[in-house]
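[1] Based on what follows, work out the 3D shape:
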Amino acid sequence: MPKLINSLPRYRKHRATGQAVVTLSGRDIYLGPHGTKASRIEYDRQIGEWLASGRQLAAVDLASDLTIAELLLRYWRFAEQHYRKDGQPTQEVVNIRYALRSANELYGHTLARVRLAVSAY
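    Got it, this is the predicted structure:
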């Protein structure tokens, strides 16, 4: 019979970016600059939500009243952490910022619901 593990996932440093990171359900979640109070608070929040949902990552409800602006902000936060080399943002981050700015100006107030059109053909 396998041994059950009751320990929590570790708060650790992502060497390439200098960010604090925790792996929950096989997915790395970046928490902010390693060793800061804010990253520790974010770690506690992420662990709390993960435990409350039965040690599973909570699903994002895209059917909620999420606007395009909020969706773009979530992507921007991801891109700032993901597109890094030697701990510094790459040119890709600048390119993404320009694209997101235009999308936000045009569609920021629109709800980000997925609607499927059913064809009569």
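[2] okay, residue 57: pLDDT?
    Reported pLDDT at residue 57 in the predicted model: 81.
[3] Give the closest residue to it in space, chain neighbours not counted.
    Spatially, and ignoring its direct neighbours in sequence, residue 57 is nearest to residue 25 (4.8 Å; C-beta to C-beta, 6 or more residues apart in numbering). Quick note: C-beta positions are derived from backbone N, CA and C, even for glycine.
[4] just residue 107 next, same as before
    Nearest non-adjacent residue to residue 107, counting by C-beta to C-beta, 6+ apart: residue 68, 4.5 Å away.
[5] Neighbours of the one you found, how many?
    17 (other C-beta atoms under 10 Å).
[6] Assign a three-state SS to the residue nearest to the spatial centre of the chain, would you?
    Geometric centre of the chain, nearest residue: residue 78, 5.2 Å, by C-alpha atoms, centre = their mean. Here residue 78 is recorded as helix under DSSP: H, G, I helix; E, B strand; the rest coil.
[7] And residue 65, by the same measure?
    coil.
[8] Could you report the separation of it from residue 109?
    Here residue 65 is placed at a distance of 12 Å from residue 109 (C-beta to C-beta, to the nearest Å).
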